[in-house]
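> Attaching a predicted model along with its sequence, questions to come.
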Amino acid sequence: MDLAGVAVFLQTAAAGNLSAAARRLGIPPLAAARRLASLENGLGVRLMHRTTRSVSLTTEGEAFLPFATTIQEAAEAPRWPVQIPPPVATPNSPGKTGWIMTTQCRWRCVRRPL
């Protein structure tokens, strides 16, 4: 199922106009119409009656509206929180740590008085 099509369907149902729904979503009206048509083709039913000025829900569209709302809420719900532990410095830490320690040790050995 096309989530973008579901978003267009919900915005169009709320606005009552495909152009207003497209403006709310920030997409061209032609793209909104194509996404809605794609959703209808995927479901195999006509969800909206379209005229040049307005859009109204069909019986199937009214039945699909609560499901579409649930689908969009589930898609927007945050994923379970994944926490990445902070990095821990160990004696085997990569990088310049070992080089600095080795250089300091060598320098001390060289500076020893005879």
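Cool, got the structure.
> Check the spacing between the closest residue to Ala32 other than its chain neighbours and Arg34 real quick.
Nearest non-adjacent residue to Ala32, counting by Cβ to Cβ, 6 or more residues apart in numbering: Ala22, 3.9 Å away. Placement of C-beta: from N, CA and C, glycine included. According to Cβ to Cβ, to the nearest Å, Ala22 and Arg34 sit 11 Å apart.
> Tell me which of these two has more neighbours.
Ala22 (22 against 15; other Cβ atoms under 10 Å).
> Surely the more buried one is within a helix?
Yes - counting by DSSP: H, G, I helix; E, B strand; the rest coil, one finds Ala22 located in a helix.
> which ones are touching it?
Ala22 is in contact with Val8, Pro28, Pro29, Ala31, Ala32, counting by Cβ atoms under 8 Å, 6 or more residues apart in numbering.
> Can you tell me the SS state at the first one?
The one in question is Val8. Relying on three-state DSSP, one would call Val8 helix.
> Against Thr52, how distant is it?
Counting by Cβ to Cβ, the gap from Val8 to Thr52 is 18 Å.
> With the second one instead?
In this structure, Pro28 and Thr52 are separated by 17 Å, where distance is defined by Cβ to Cβ.
> So if I had to pick from those two, which one is more boxed in?
The neighbour comparison of Pro28 against Thr52 (other Cβ under 10 Å) goes to Pro28, with 12 against 4.
> Do you know the pLDDT at the more buried one?
Here, the pLDDT recorded for Pro28 equals 94.
> Ser19 now?
Per-residue confidence (pLDDT) for Ser19: 91.
> for the one 4 residues further on, same thing?
On pLDDT, Arg23 comes in at 93.
> count of residues packed around it?
Using other Cβ under 10 Å, Arg23 has 15 other residues around it.
> one step back: with respect to Pro66, which of the contacts of Ala22 is nearest?
Closest approach between these and Pro66, by Cβ to Cβ: Val8, at 16.9 Å.
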